[in-house]
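Novice: the sequence isn't on hand, but the structure is:
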């Protein structure tokens, strides 16, 4: 089995955008794991943001269609290591904020112990992506896509999406 | 004027002709066909269809682990999630507020994602073959066969997953108990000797922690709310309580796989669930119920395929259309 890396392939795959957050490329989002020639085929590997992310099929189809210019394409999905919002690139965070979506906070290495339940969790600081104020409140813990929550800025009164830190 | 009028007439005629042509084409090539053509063929109408599965799913069973036992354990964990997901989606269009509807649908979606990989793993280990009846399309994915063409007595979920959600308060008690228990299970399962179980667990932990936090928040808000919300929250918790005992009982398959480092000992999860409830219930001004356990008949329960009548109703909603029209595509 011969597997080689091709910068042109990576560049093409990395430019494919996320179907639900089109301001981000799959590379910005951190879901594109690898693209390589493998025994005459092109194998692209992606990882889901959430296990049930319904956009995964669309991502795979978009990748297949983009890379078909280079040859026969196979898209594989891997769960390991699991995606976290820490994998969103700095460029991706900038684009999110520019599009009015508050980027997630960095959460760092995940604990291997039990996740504590904290009823009185300190309120997360999420800055308004429009006016920059830190005075924002959560409207809903779940948003229109699996990866976002809804917040509102108390300073400029605008509601906005927040990419959940996970 | 005349010239202009003539032009206009021509234009209108042409336009009409074009329109008619387009319209005719649209009968055979409508917008949905166009969507299907992007993938060169129609998609199966109900589930994943024929898509490739997650790469980890095809890993061999760990050395010394019985394939059939591992497949059954994958079904247990898959069915816990699949049936719970189907139940939670009942709230769609019925939730008290749009935000809560979105939350419940998101939780259902996360659980469905866990179920899909686990069903695929069970299928890879051979669990789907007996359910591939001659009427099914060749190549239908294992996860779809197991989800849609398996009768209730072959489902291995705990009874809690199939139990009624009741009102919003009971639903929050249900999610709190369920997610606390499954979070403890998945936390321990990250160290499983089976790479698929370990991968699913690592992905599930942060999602379940988020679900638990959501439900705990509502249990406190309703429990420590008005007299009426307190009464209904306590009643909801009381109604969920009889299903708790079963969560910590081990099936022989689980016991054998615990010995192989693959499965988690159910009894070991009790402390984590008790801790969560001990934290939430006092703040919510709720009392730990004392109702006796249900869900077991002669010591056998959901893990053995012995279910309450609720599962039949859940599966009827989930499966009947696919069974009536197994060839439907879109």
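Specialist: Noted; the coordinates are in hand. Worth saying up front: this structure is predicted, and the values here are computed from it rather than measured. Numbering: from 1, shown residues only, chains lettered A, B, ... in the order given.
Novice: so which residues of chain A form strands?
Specialist: Here chain A has its strands, by DSSP state E, at A:3-4, A:32-38, A:41-46, A:73-77, A:101-102, A:136-140, A:148-153, A:159-163.
Novice: can you list contacts of the third one?
Specialist: Right, strand A:41-46. A:3, A:9, A:13, A:26, A:31-37, A:56, A:59-60, A:63, A:67, A:70-78, B:55 (Cβ atoms under 8 Å, 6 or more residues apart in numbering or on different chains). Bear in mind the C-beta positions are built from the backbone N, C-alpha and C, glycine included.
Novice: likewise the fifth one?
Specialist: Taking Cβ under 8 Å, 6+ apart as the criterion, the residues outside strand A:101-102 that touch it are A:21, A:23, A:96, A:126-129, A:136, A:148, A:151, A:160-163.
Novice: out of these, which comes closest to chain B?
Specialist: Nearest to chain B, judged by Cβ to the nearest Cβ, of the contacts of strand A:101-102 is residue A:148 at 9.7 Å.
Novice: what sits against residue B:236?
Specialist: Listed by Cβ under 8 Å, 6+ apart, the contact set of residue B:236 reads B:166, B:167, B:169, B:170, B:171, B:172, B:173, B:174.
Novice: of those, buried ones?
Specialist: Using 16 or more other Cβ atoms under 10 Å in any protein chain shown as the burial test, the contacts of residue B:236 include B:169, B:170, B:171, B:172, B:173, B:174 as buried.
Novice: pLDDT value on the residue lying closest to residue A:14 once chain neighbours are set aside, please?
Specialist: Once flanking residues are discounted, residue A:14 sits nearest to residue A:27: 3.7 Å by Cβ to Cβ, 6 or more residues apart in numbering or on different chains. We have a pLDDT of 96 for residue A:27.
Novice: ok, residue B:52 next?
Specialist: Reading off the model, residue B:52 has pLDDT 60.
Novice: in a markdown table, list the strands of chain A along with mean neighbour count.
Specialist: Compiled in a markdown table, those are given as follows (neighbours: other Cβ atoms under 10 Å in any protein chain shown):
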| stretch | mean neighbour count |
| --- | --- |
| strand A:3-4 | 9 |
| strand A:32-38 | 18 |
| strand A:41-46 | 20 |
| strand A:73-77 | 19 |
| strand A:101-102 | 22 |
| strand A:136-140 | 17 |
| strand A:148-153 | 21 |
| strand A:159-163 | 22 |
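Novice: out of those strands, nearest to residue B:87?
Specialist: When those are compared by Cβ to Cβ, strand A:136-140 sits nearest residue B:87, at 21.4 Å.
Novice: who does that closest one pair up with?
Specialist: Its sheet considered, strand A:136-140 pairs with strand A:148-153 (antiparallel) by DSSP bridges.
Novice: quick one: the partner strand to strand A:159-163, angle?
Specialist: Angle of strand A:148-153 versus strand A:159-163, following axes from the mean of the first three to the mean of the last three Cα atoms, to 10 degrees, is 140 degrees.
Novice: off-centre distance for strand A:148-153?
Specialist: Mean-position distance between strand A:148-153 and its chain equals 17 Å (Cα atoms, centre = their mean, to the nearest Å).
Novice: care to break chain B down by domain?
Specialist: Following automatic domain parsing, one gets these domains for chain B: B:2-38, B:55-324.
Novice: kindly check the end-to-end length of the last one for me.
Specialist: Read that as domain B:55-324. Counting by Cα to Cα, to the nearest Å, you get 32 Å between the two ends of domain B:55-324.
Novice: off-centre distance for the longest helix seen in chain A?
Specialist: Counting by DSSP state H, the longest helix found in chain A is helix A:56-67. Counting by Cα atoms, centre = their mean, helix A:56-67 is centred 15 Å from the centre of its parent chain.
Novice: for chain B, give me its nearest residue in chain A.
Specialist: residue A:52 (2.6 Å).
Novice: excluding chain neighbours, give the residue nearest to that residue in space.
Specialist: Residue A:52 sits nearest to residue B:113 (Cβ to Cβ, 6+ apart), 2.6 Å away.
Novice: isn't that neighbour right up against residue A:55?
Specialist: No: look at residue B:113 against residue A:55 with Cβ atoms under 8 Å: they stay out of range, at 11.6 Å.
Novice: which of the residues in stretch B:211-228 are buried?
Specialist: For stretch B:211-228, burial by neighbour count (16+ other Cβ under 10 Å) applies to B:211-220, B:222-223, B:225.
Novice: which single one of the residues you listed is nearest to residue B:269?
Specialist: For the buried residues of stretch B:211-228, the nearest to residue B:269 is residue B:212 (13.3 Å; Cβ to Cβ).
Novice: tell me the contacts of that closest one?
Specialist: Contacts of residue B:212 (Cβ under 8 Å, 6+ apart): A:117, B:175, B:176, B:179, B:180, B:183, B:276.
Novice: who wins for neighbours among those residues?
Specialist: residue B:176 (30 neighbours; other Cβ atoms under 10 Å in any protein chain shown).
Novice: ok so, going back, can you lay out the contacts of residue B:212 as CSV showing distance to residue A:101 and secondary structure?
Specialist: Shown next, in CSV, are the contacts of residue B:212 (distance: Cβ to Cβ, whole Å; DSSP: H, G, I helix; E, B strand; the rest coil):
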residue, distance to residue A:101, secondary structure
A:117, 28, coil
B:175, 27, helix
B:176, 30, helix
B:179, 26, helix
B:180, 31, helix
B:183, 27, helix
B:276, 32, helix
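Novice: and the lengthiest helix in chain B, how far out from the chain's middle?
Specialist: If you go by DSSP H, chain B has its longest helix at helix B:195-223. Computed by Cα atoms, centre = their mean, the chain-centroid distance of helix B:195-223 equals 14 Å.
Novice: I'd guessed the residue of chain A closest to chain B sits against residue B:107; true?
Specialist: No: between residue A:52 and residue B:107 there is no contact, the gap being 9.7 Å when judged by Cβ under 8 Å.
Novice: once you drop chain neighbours, what's closest to residue A:158?
Specialist: Take residue A:158 and drop its neighbours on the chain: the residue closest to it by Cβ to Cβ, 6+ apart is residue A:130, 5.1 Å away.
Novice: same check on residue B:237?
Specialist: residue B:173 (4.3 Å).
Novice: how many neighbours does residue A:154 have?
Specialist: By other Cβ under 10 Å, 12 other residues sit near residue A:154.
Novice: residue B:123 - that's part of a helix, no?
Specialist: Yes: per DSSP: H, G, I helix; E, B strand; the rest coil, residue B:123 lies within a helix segment.
Novice: show me the shaky parts of chain A.
Specialist: Counting by pLDDT under 70, chain A contains low-confidence ranges at A:1-5, A:121-123.
Novice: what sits against the residue nearest the centre of it?
Specialist: Centroid-nearest residue in chain A: residue A:29, 3.4 Å away (criterion: Cα atoms, centre = their mean). Taking Cβ under 8 Å, 6+ apart, we find residue A:29 in contact with A:18, A:21, A:49, A:87, A:88, A:92.
Novice: most widely separated two among these?
Specialist: A:21 and A:87 (13.9 Å).
Novice: tell me which of the contacts of residue A:29 fall in helices.
Specialist: residue A:92.
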